[in-house]
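Student: Need coordinates for the below:
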Amino acid sequence: MPHGRHFRRGEEAGEEEVNAPARLDPAVPGSAEAFIVANTRPLAPPLVPEICLYLAEESLPIWQKTEDELGQMNVPPPYWAFAWAGGQALARYILDNAALLAGKRVLDLGAGSGLTAIAAMKVGAADTLAADIDLLALAAVLLNASHNDVVVRTTAEDLLSKPADAWDVVLVGDLFYERALAEHVTRFIDEAAAGGALILIGDPQRNYFPKGRFTAAAEYRVPVTRELEDAEIKRTAVWRLG
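Tutor: Now for the predicted structure:
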């Protein structure tokens, strides 16, 4: 697992925080959006200056803030609040190869901030569905899509728990950082490719990336932060299947 995917924190959280009253409820209309706007700011990812996203500048404060306002402990890290190396590379590739997605039905799997879904719509995809089981991520996708003047559909359904539907293109950015997740993603994209989908993957060959299975389409040097990654420039490739 790469540096940053742990989002390591200290032990400063007290017992009183476990029982703190919730101020954030992603199921309540407007709650997640207000939280995101209050705790991030519009920033352009370095490799994709054409797109502006609501992003956090530091990982630990927004994670702690998420737990505080949810009134919960041990919530999943806020992956949606950052433009990861794989997602940046994949978005750059999409913008530079518009014909691959123009007029196509696109699935952004594990959408996070929605960066690659937004890139797909910017190059003329007919329809893009951003899938993520994190309701805060889906709120971020909708905010970011609106901020970039595109329309992206969202779903919280766990698509990895069912057979892959038919898609023209499936986008996968930075999803090979945990073994079980990587296995589910690999099964899903194999099924989607067998059904005729083009699979585009942005990944710097993280720990559970299935090497030797995909064709490298492009390589990028992505500026990132040492808080999230193990280097300030992350060598990242875009891979194709199908």
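Student: what ranges do the helices span in the chain?
Tutor: 15-18, 31-39, 59-70, 85-96, 115-122, 135-147, 179-194 (DSSP state H).
Student: deepest of these, which one?
Tutor: helix 115-122 (a mean of 30; mean count of other Cβ atoms under 10 Å). Where C-beta positions appear, they are placed from N, C-alpha and C, glycine not excepted.
Student: List the contacts of it.
Tutor: 45, 48, 50-51, 53, 83, 87-88, 90-91, 94-95, 101, 104, 106, 108, 111, 128-130, 141, 144-145, 148, 150-152, 169, 171, 173, 202 (Cβ atoms under 8 Å, 6 or more residues apart in numbering).
Student: quick one on the thing from earlier: which among the helices of the chain is found nearest to residue 79?
Tutor: Closest approach to residue 79 among those (Cβ to Cβ): helix 135-147, 7.1 Å.
Student: can I see the domain layout of the chain?
Tutor: Here the domain assignment for the chain is 15-81, 85-241, based on automatic domain parsing.
Student: First-to-last residue distance for stretch 169-188?
Tutor: End-to-end distance for stretch 169-188, by Cα to Cα, to the nearest Å: 13 Å.
Student: For this structure, name the helix or strand with the lowest mean pLDDT.
Tutor: Across the helices and strands of the chain, mean confidence by mean pLDDT, DSSP states H and E is lowest for helix 15-18: a mean of 45.
Student: For residue 159, which of the helices of the chain is the nearest?
Tutor: Comparison of the helices of the chain against residue 159 by Cβ to Cβ identifies helix 179-194 as nearest, at 6.9 Å.
Student: now for that closest one, which elements pack on it?
Tutor: Applying 3 or more Cβ pairs under 8 Å, 6 or more residues apart in numbering; DSSP states H and E, one finds that helix 179-194 contacts strand 105-109, strand 169-173, strand 198-203.
Student: what inclination does it have with respect to strand 105-109?
Tutor: Put simply, helix 179-194 runs at 170 degrees to strand 105-109, going by axes from the mean of the first three to the mean of the last three Cα atoms, to 10 degrees.
Student: rank the domains of the chain by mean pLDDT and give me the bottom one.
Tutor: Among the domains of the chain, domain 15-81 has the lowest mean pLDDT, at a mean of 86.
Student: Mind giving me the PyMOL command for buried ones among the contacts of helix 115-122?
Tutor: Selecting only the buried entries of the contacts of helix 115-122 in PyMOL, with 16 or more other Cβ atoms under 10 Å as the criterion:
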select buried, resi 45+48+51+53+83+87+88+90+91+94+95+101+104+106+108+111+128+129+130+141+144+145+148+150+152+169+171+173+202
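Student: returning to that earlier point: for residue 233, which of the helices of the chain is the nearest?
Tutor: Between residue 233 and the helices of the chain, the tightest spacing by Cβ to Cβ is seen for helix 85-96, at 9.3 Å.
Student: Output that closest one as CSV - backbone C-alpha positions only.
Tutor: Taking Å, rounded to 0.1, in the frame of the first residue of the first chain, the C-alpha atoms of helix 85-96 are listed here in CSV:
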residue,chain,number,x,y,z
ALA,A,85,-1.6,10.3,-9.4
GLY,A,86,-3.5,7.6,-11.3
GLY,A,87,-6.6,9.7,-11.7
GLN,A,88,-4.6,12.7,-12.9
ALA,A,89,-2.8,10.6,-15.5
LEU,A,90,-6.0,9.0,-16.7
ALA,A,91,-7.8,12.4,-17.0
ARG,A,92,-4.8,13.8,-18.9
TYR,A,93,-4.9,10.8,-21.3
ILE,A,94,-8.7,11.3,-21.8
LEU,A,95,-8.4,14.9,-22.6
ASP,A,96,-5.6,14.2,-25.1
